[in-house]
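>>> just need the structure, nothing else, for what follows:
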Amino acid sequence: MRAVQGKFSYIATMKPSINLLYTVLILLFFSVSCKKDKEEVTFTGNKIPEYNQIPRLLIENYVNRLFIDLIGREPTDAEMIAEVDAMRATNASVESRTALVNKIMTSTAPLPGDGSYREAYVRKFYEDQKGRFLEGASDATLNDDYNLWKLLAYQDSLNGNMLGYQLFTLEANKVLAVIDSREELMNGEILFEEMCSRMMFNSLYDEINMNTFNFINASFDDCFARFPTQSEYEGVEDAIEFNGAGVLFGNAVNSKTEYLNVLVQSNEFDEGFARWAYFAFLAREATSTEVFSRVQIYRQGSNYSGVQKEILISDEYAGF
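Numbers count the residues shown, from 1 in each chain. Have a look, this model is predicted:
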């Protein structure tokens, strides 16, 4: 009896161990089963996406900036969607950027509120040059000056003072020439250099930069982003002050008109525009290499648009 009890006692003591063994076997079974199931599940065509696409937000920022810099306003919702979708199709390639800049600069298709992209672009460019030379004077201010000179001319004509009439009419025409330069530049009737010359040849520019000393310094600074050397200043002072003999960059000058013509026809004027464009669009100095490269573009027929375009399609400007 004791033996039997001993046997059952042994079995009773082994029962927890057996239960543990069963538990381990069950866990192993499920582990193998799950592993098998996982191995049997196969996904095809599930490549890890490449994250080299330019985000839509960056393209939207680029399009928005282009519109503001080129035509002075943000794009409409329709314009934004259309232009961003077109650029995303090529991941904002240089070609797609070029196409958009060309469209804004040259398209003559009717555009409500702007006339056309071309008109809006030249209008903004004209305003930018007034900011460069005339402290951003509005056309309303220019028209006020024009009307004042015309009134003075009319009064002198009534008084029989024909000399005064001619002088005041000349001043009025100088101001009018500035206003007309926008339309004439758009129509290809004048070159960009002529527009700049007119910006410096009027009573408002003289009022901003009173006397010969300030006029010479300002015109050098506005065109070249530097002041004249002593010899350059002395070479043109008499020509501007008294219509006397002078010389600038090896050219004879005998009047303010001749002085300005030499100024805007000089090689340094081309460089000055390139430097101005870099400041306007990138807020930094252009390197010597950049200036040289942009000047070659500019000299292909006073191609101010080409200089702007090279900057506007760059990754630096786009922020890509």
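
>>> CA atoms only for stretch 175-188, dumped as PDB, please.
What follows is stretch 175-188, C-alpha atoms only, in PDB (Å, rounded to 0.1, in the frame of the first residue of the first chain):
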ATOM      1  CA  VAL A 175       9.100 114.300 -67.900                       C
ATOM      2  CA  LEU A 176       6.700 113.000 -70.500                       C
ATOM      3  CA  ALA A 177       9.500 111.000 -72.100                       C
ATOM      4  CA  VAL A 178       9.900 109.100 -68.800                       C
ATOM      5  CA  ILE A 179       6.200 108.300 -68.700                       C
ATOM      6  CA  ASP A 180       6.200 107.200 -72.300                       C
ATOM      7  CA  SER A 181       9.200 105.000 -71.900                       C
ATOM      8  CA  ARG A 182       7.200 102.200 -70.500                       C
ATOM      9  CA  GLU A 183       4.900 101.900 -73.600                       C
ATOM     10  CA  GLU A 184       7.800 102.500 -76.000                       C
ATOM     11  CA  LEU A 185      10.000  99.800 -74.300                       C
ATOM     12  CA  MET A 186       7.200  97.300 -74.500                       C
ATOM     13  CA  ASN A 187       6.600  98.000 -78.200                       C
ATOM     14  CA  GLY A 188      10.400  97.800 -79.000                       C
END
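
>>> from the chain's centre, how far out does it sit?
Distance of stretch 175-188 from its chain centroid, counting by CA atoms, centre = their mean, to the nearest Å, is 22 Å.

>>> and for stretch 165-177?
Mean-position distance between stretch 165-177 and its chain equals 34 Å (CA atoms, centre = their mean).

>>> residues of it that come out buried?
In terms of neighbour count (16 or more other CB atoms under 10 Å), stretch 165-177 has its buried residues at Tyr165, Phe168, Thr169, Glu171, Ala172, Lys174, Val175, Leu176, Ala177. The C-beta positions use only the backbone N, C-alpha and C, and glycine is treated the same way.

>>> check which helix or strand covers the second one.
Spelled out, that is Phe168. helix 162-186 (DSSP states H and E).

>>> which helices and strands does that helix pack with?
helix 117-133, helix 139-158, helix 192-199, helix 203-208 (3 or more CB pairs under 8 Å, 6 or more residues apart in numbering; DSSP states H and E).

>>> got the buried residues of stretch 165-177 as a markdown table, with pLDDT and distance to Ser266 columns?
Shown next, in a markdown table, are the buried residues of stretch 165-177 (pLDDT from 0 to 100; distance: CB to CB, whole Å):
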| residue | pLDDT | distance to Ser266 |
| --- | --- | --- |
| Tyr165 | 98 | 36 |
| Phe168 | 98 | 32 |
| Thr169 | 98 | 31 |
| Glu171 | 98 | 27 |
| Ala172 | 98 | 29 |
| Lys174 | 98 | 22 |
| Val175 | 98 | 25 |
| Leu176 | 98 | 26 |
| Ala177 | 98 | 21 |
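
>>> alpha carbons of the host helix or strand of Tyr317, as CSV, please.
In this assignment (DSSP H and E), Tyr317 forms part of helix 315-318. Only the C-alpha atoms of helix 315-318 are listed here, as CSV (Å, rounded to 0.1, in the frame of the first residue of the first chain):
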residue,chain,number,x,y,z
ASP,A,315,17.8,76.7,-57.9
GLU,A,316,19.0,79.5,-55.6
TYR,A,317,16.1,81.8,-56.5
ALA,A,318,13.6,78.9,-56.6
